[in-house]
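**Student:** Sequence and predicted structure below; questions after.
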Amino acid sequence: MKRILVPTDFSNNAYSALFYATQLFQDEACHFFILNTFDVETPVLTSRLDKTKGELLYKRLSKESNEKLIAVKHAIVRDTEDFNHHFETISVSKKLTETVNKTIKNKDIDLVVMGTKGASGLKEVFIGSNTVKVIQKIKDCPVLMIPVNFDFQKPTDIAFATGFKTIDNKALQPLLEITKLFDATIRVIHIHENEKLNQEQEENFKILKGYLNNHKYSMHWVSNFTKKSEIINEFIDKMNVNMLVMLKHRHGLIESVTREAVVKKIGFKATIPFLVIPAVMS
């Protein structure tokens, strides 16, 4: 049974991400963990009165969190009554990234699904800072981000952007699993800065083709004339791609499109579901 963690702040965006995940795995048995974290921000407790106020605030926020989680659970159960899905709620008074990492380990999570929850303009939706932090801090679990108000589409064309740095069989499994579920075509896009691949890239290129041998795929080589994020966005539009996948390397392609520029709302557009997988899965 697949085990999926979905953090929520009770926004429509968060519910849309949860709903998308249930649709994506509608033919799979799944256990969903719906997580809400809340902060109890109080001054340094120096007196019994301060301590009492802190305890009362915690009880109020905890009650509110659990009540809203129950409402979300009831809603998603109604929306997915024909699926073999089980839902469990978790309410924790801790920081989001810390809690997500602990839950991944304690609950043996296979996938984290989040809404982008970013600043939006007329034509662009940016990845929000909380989501970027989760991508950066999670080491051993794929993260799937769902744009605001994104209606479910079967991912029949999946873009896999790679620099051929590391090709790990275990890391590729989330991509290949989704590909198999929807008989999807994988569009491999490589943004090359040099005319030829180096020896390490050549080896990884051959390894990747071996892993994709039983799947429909195509190779696309693009020169690096502009920002990598812009190249990928243009490719998504041109090829009618409905999911983007990248492996997360240290100092790799994923960092160049998700780091500081995004938080400042001048970078990467999240217009389709975006799956980020650690390059080497333990």
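**Tutor:** It's in. Residues are numbered from 1 along each chain as shown.

**Student:** Could I get the full set of helices for the stretch 1-150 of the chain?
**Tutor:** If you assign secondary structure with DSSP state H, counting those that start in this stretch, the helices in the stretch 1-150 of the chain sit at 12-24, 48-79, 96-106, 129-137.

**Student:** Show me which of these has the highest average neighbour count.
**Tutor:** With neighbours defined by mean count of other C-beta atoms under 10 Å, none of the helices of the stretch 1-150 of the chain is more surrounded on average than helix 12-24, at a mean of 21. C-betas here are computed from N, CA, C, even on glycine.

**Student:** gap between it and the chain center?
**Tutor:** With C-alpha atoms, centre = their mean, to the nearest Å as the basis, helix 12-24 stands 12 Å off its chain's centre.

**Student:** Just name the shakiest helix or strand of the chain by mean pLDDT.
**Tutor:** None of the helices or strands of the chain scores lower by mean pLDDT, DSSP states H and E than helix 260-263, at a mean of 33.

**Student:** Now tabulate the helices of the stretch 1-150 of the chain in CSV and tack on mean pLDDT and distance to Pro147.
**Tutor:** As requested, the helices of the stretch 1-150 of the chain are arranged in CSV below (pLDDT from 0 to 100; distance: least, C-beta to C-beta, whole Å):
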stretch, mean pLDDT, distance to Pro147
helix 12-24, 94, 8
helix 48-79, 87, 19
helix 96-106, 93, 19
helix 129-137, 75, 11
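
**Student:** what sits opposite the residue lying closest to Ala21 once chain neighbours are set aside in the beta ladder?
**Tutor:** Distances taken as C-beta to C-beta, 6 or more residues apart in numbering place Val113 nearest to Ala21, at 4.3 Å, with adjacent residues excluded. With DSSP bridges as the criterion, the beta-bridge partners of Val113 are Leu144.

**Student:** Give me the pLDDT value at Val113.
**Tutor:** Residue-level confidence at Val113 comes out at 95, pLDDT.

**Student:** That one is in contact with Arg3, isn't it?
**Tutor:** No - counting by C-beta atoms under 8 Å, Val113 does not reach Arg3; the two are 11.6 Å apart.

**Student:** Now do the contacts for Ser62.
**Tutor:** Phe38, Ser91, Ser93 (C-beta atoms under 8 Å, 6 or more residues apart in numbering).

**Student:** ok, now which ones touch Pro155?
**Tutor:** By C-beta under 8 Å, 6+ apart, the contact set of Pro155 is Leu24, Ile178, Phe182, Ala184, Asn242, Met243, Pro273.
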